[in-house]
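Engineer: Prediction below, plus the sequence it came from.
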Amino acid sequence: MNARKETDQVCIVTTSKVPSAFGSSQDADAAQILDPVTGAILSGKGGSAALKSGSGIGIYSFAQIPLPKSSSASNMFIASCGKSIDDMNAHLIIQGTTASPAWKCRLPESMEGGFLVSPCGNYIIGASKSGKCYCWSTFQDGELLKCWAAHYRPIQDMVFSDCGSFLVTGGADGIINTWSMMDIVEDTSSKVMHSKNHVASISPIKTWSEHQLPITSLHALPSSRAVSTSIDRNVVMIELFSGRTLAKISMPSAINVVTADSCGRRLYLGSSEGTIYCIDIDAYTIATTTENAKVVMNAHDGDRFDSRGPSFSGSLLEETILGMKNSSDNSYTTELQGHEGALTCLKLLEDGDTELLISGGQDGSVRVWDIKSRCCVKTLYPWSASGSGNENQTYPCSSISLIDRSTLDSSTGSNVFSSDVSHSKHKSRLLDFVKPLQRFEKSQAGSTSNDGYVTDIVRSNATSSESSYHTVLKRVLDLNHNKQGEKRVRHSSVPNTVHGEGETGKNVEAENEELKRELANAKEMIERWKKVNNKLALKLKQSSK
């Protein structure tokens with residue numbers, strides 16, 4: 001049997017758990033480069049295949065930053081990393097560097113939805129736990145362009161449309177929103193740019209509420225379409241411009257992740273039970289059309305047309321014309337089974353006649369599937385010597401990415417991101433390519449390294465959307481009480497003063513107005529939550545009937 005053809009791409013697998021090097025007390029890197037054909041761990045060789053993410057951290061999201069084709073630089077990634085999901089930093093990881101990492105900074109809040117880089121590489125979107133989106137500009141020194149409330153609950157996943165002009169977000173509130181990048185990157189006033197706590201007001205151009213439970217994954221399809229999955233077991237295909245729901249398919253179990261081929265004709269769904277479902281969109285369309293045709297034909301089946309002539313049997317027409325009597329069997333879905341735990345990430349590698357599906361699971365295994373033969377051709381455990389199933393050696397896969405195999409060849413010209421990047425003469429060249437995130441004000445406890453690559457970001461105070469209504473109300477009442485006490489003291493000590501409350505009074509008045517605005521925003525947030533909860537409760541009630 002001939003050896004399998006080498007592909008032009010290799011995959012990067014990351015884990016959210018801090019991995020330990022096998023046979024050593026030191027921590028291993030949370031990102032590994034694997035050859036899907038041979039199963040070799042290429043990053044173990046070092047050199048241009050190295051991915052230094054930092055010692056003692058796990059990677060929760062991993063996104064590649066596109067670089068100009070004219071540059072001979074290696075691949076560059078921005079990742080949300082940390083020892084736990086509540087202590088994440090933004091890391092800039094550069095392939096082939098000895099720095100670990102090349103750059104990092106503390107985030108304004110936990111980015112549970114991860115980072116997403118625009119296809120042009122000019123913008124980085126962060127999805128926060130509070131439901132807000134952050135947009136940074138890489139070509140404007142990482143300036144924070146906008147922060148806006150996108151969802152009422154944490155953002156689970158984001159994706160750009162195939163044209164790159166629209167951002168699609170899915171939240172734990174079960175809602176899918178489509179945002180125009182023109183609205184996101186539009187010019188903002190100086191008041192907005194210099195206010196750390198400002199939350200811009202942006203309205204989505206389209207909104208879907210087809211899911212009744214939190215969104216788990218989104219994937220962009222050609223022709224401005226997208227597909228979403230949820231733990232409610234439904235797979236929904238939407239059309240971004242028209243706002244129509246093209247298809248809604250119910251699956252046997254909750255779906256954690258979805259991907260598709262480049263033509264958008266076949267979906268691959270990773271379930272919470274470890275099964276990979278493959279849906280042929282063309283076969284689904286035929287089956288749906290057939291089912292609708294049966295309904296129309298069965299309307300003519302019966303004796304009510306006897307006065308007009310002989311009645312036609314719907315069953316006979318189905319068998320002779322449509323070629324199938326019962327289309328209830330799910331002929332458009334196939335299954336791939338092998339994972340012992342829930343699926344966490346999927347990636348399809350298409351290289352000419354070769355079509356490989358790479359899947360990562362909660363059990364720490366990475367499997368390579370040949371789509372044509374429907375067989376698992378490789379099973380890999382990137383952070384352990386073997387798949388012994390020992391729980392102490394289980395490292396859940398958090399993401400899978402693809403890169404060109406040619407970038408692993410260190411002999412291809414000069415590389416500004418080679419191991420020489422640690423020298424001072426190369427630092428300015430590094431920052432000429434990208435400055436991922438804005439350098440915020442430094443905290444008093446924070447420190448900056450001599451090379452200026454590590455910068456701490458001040459955690460912003462809770463905004464009006466995050467503040468509890470009762471907390472804000474208590475602050476307003478306390479402020480009013482203190483203000484009244486100050487007035488009584490001033491009037492008793494300076495009886496001739498009628499209107500002069502002094503500078504302190506002005507400051508208290510300004511703070512009072514600010515708290516009133518926060519109180520109004522908190523009330524508005526509660527009303528919006530009530531509307532969303534009422535809609536969800538109504539849907540659950542209708543579905544239970």
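Structural biologist: Cool, got the structure.

Engineer: export stretch 5-12 as CSV, just CAs?
Structural biologist: Output of stretch 5-12 as CSV, limited to C-alpha atoms (Å, rounded to 0.1, in the frame of the first residue of the first chain):
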residue,chain,number,x,y,z
LYS,A,5,0.7,11.9,0.4
GLU,A,6,2.2,14.7,2.5
THR,A,7,-0.1,17.7,2.8
ASP,A,8,0.9,21.3,2.4
GLN,A,9,-0.5,22.2,5.8
VAL,A,10,0.1,21.1,9.4
CYS,A,11,-2.0,21.7,12.4
ILE,A,12,-1.5,23.5,15.7
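
Engineer: who touches that stretch?
Structural biologist: The contact list for stretch 5-12 (CB atoms under 8 Å, 6 or more residues apart in numbering) reads 31-37, 42, 51, 62, 347, 349, 351, 354, 356, 358, 399-406, 408. The way it works is simple: take the backbone N, C-alpha and C, and place the C-beta from them, glycine included.

Engineer: Which among those count as buried?
Structural biologist: Buried residues within these, defined by neighbour count using 16 or more other CB atoms under 10 Å: 31-37, 42, 51, 62, 347, 349, 351, 354, 356, 358, 399-403, 405, 408.

Engineer: so what secondary structure elements neighbour the strand or helix carrying residue 536?
Structural biologist: Assigned by DSSP states H and E, residue 536 falls within helix 502-544. Counting contacts by 3 or more CB pairs under 8 Å, 6 or more residues apart in numbering; DSSP states H and E, helix 502-544 is packed against helix 469-493.

Engineer: what about the nearest residue to residue 225 once chain neighbours are set aside, neighbour count?
Structural biologist: Ranked by CB to CB, 6 or more residues apart in numbering and with sequence neighbours excluded, the top spatial neighbour of residue 225 is residue 239, at 5.6 Å. Burial of residue 239 is recorded as 15 neighbouring residues (other CB atoms under 10 Å).

Engineer: Could I get the contacting residues of residue 239?
Structural biologist: Counted by CB under 8 Å, 6+ apart, residue 239 has contacts 224-225, 245-246.

Engineer: low-scoring stretches of the chain, by residue?
Structural biologist: 1-4, 21-27, 68-73, 187-197, 291-330, 385-393, 410-436, 438-508, 540-541, 543-545 (pLDDT under 70).

Engineer: Sketch out the helices for this structure, chain order is fine.
Structural biologist: 181-185, 190-193, 281-298, 314-317, 427-433, 469-493, 502-544 (DSSP state H).

Engineer: Let's see which of the contacts of stretch 5-12 end up in strands.
Structural biologist: 31-34, 62, 347, 349, 351, 354, 356, 358, 399-404 (DSSP state E).

Engineer: Surely residue 82 is in contact with residue 54?
Structural biologist: No. Residue 82 lies out of contact with residue 54 (CB atoms under 8 Å); the separation is 9.5 Å.

Engineer: who's in contact with stretch 157-169?
Structural biologist: By CB under 8 Å, 6+ apart, stretch 157-169 touches 113-114, 116, 118-120, 125, 127, 133, 150-151, 155, 170, 176-182, 184, 205, 215-224, 226, 240.

Engineer: Please indicate which of those residues are buried?
Structural biologist: Counted by 16+ other CB under 10 Å, the contacts of stretch 157-169 give 113-114, 116, 118, 125, 127, 133, 150-151, 155, 170, 176-181, 184, 215-221, 224, 226, 240 as buried.

Engineer: Which ones among those residues lie within strands?
Structural biologist: The strands, defined by DSSP E, take in 114, 116, 125, 127, 133, 155, 170, 176-180, 215-221, 226 from the buried ones among the contacts of stretch 157-169.

Engineer: how many neighbours does residue 341 have?
Structural biologist: Residue 341: 15 neighbours (other CB under 10 Å).

Engineer: Okay, it and residue 365: tell me how far apart.
Structural biologist: 8 Å (CB to CB, to the nearest Å).

Engineer: cool, and residue 100?
Structural biologist: The value you get for residue 100 to residue 365, if CB to CB is used, is 26 Å.

Engineer: who's more crowded, the two?
Structural biologist: Between residue 100 and residue 365, residue 365 has the larger neighbour count (other CB under 10 Å), namely 24 against 16.

Engineer: isn't the more buried one right up against residue 378?
Structural biologist: No. The criterion here is CB under 8 Å, and residue 365 misses it with residue 378 at 10.2 Å.

Engineer: joint contacts of these two?
Structural biologist: By CB under 8 Å, 6+ apart, no residue touches both residue 365 and residue 378.

Engineer: In contact with residue 42, which residues?
Structural biologist: Under the criterion of CB under 8 Å, 6+ apart, the neighbours of residue 42 are 10, 33-35, 49, 408.

Engineer: got the domain boundaries for the chain?
Structural biologist: What automatic domain parsing lists as the domains of the chain is 9-112+352-371+396-459, 469-494+502-544.

Engineer: isn't residue 359 right up against residue 348?
Structural biologist: No. Using CB under 8 Å, residue 359 makes no contact with residue 348, being 9.9 Å away.

Engineer: Which one's more surrounded, the two?
Structural biologist: residue 359 (27 against 19).

Engineer: Quick check: beta-bridge partners of that one?
Structural biologist: residue 346, residue 367 (DSSP bridges).

Engineer: got the contact list for it?
Structural biologist: By CB under 8 Å, 6+ apart, the residues touching residue 359 are 270, 276, 336, 339, 343, 345-346, 366-367, 369, 400.

Engineer: what's the spacing between it and residue 381?
Structural biologist: Counting by CB to CB - residue 359 and residue 381 are separated by 13 Å.

Engineer: who touches both of those two?
Structural biologist: With CB under 8 Å, 6+ apart, residue 359 and residue 381 have common neighbours residue 366.

Engineer: returning to what we had before: so which of the contacts of residue 42 comes closest to residue 538?
Structural biologist: residue 34 (47.0 Å; CB to CB).

Engineer: That closest one reaches residue 41, doesn't it?
Structural biologist: Yes. Counting by CB under 8 Å, residue 34 touches residue 41, with 5.9 Å between them.

Engineer: Quickly list what's touching both of those two.
Structural biologist: Joint contacts of residue 34 and residue 41 (CB under 8 Å, 6+ apart) are residue 382.

Engineer: measure stretch 164-184 end to end?
Structural biologist: 13 Å (CA to CA, to the nearest Å).
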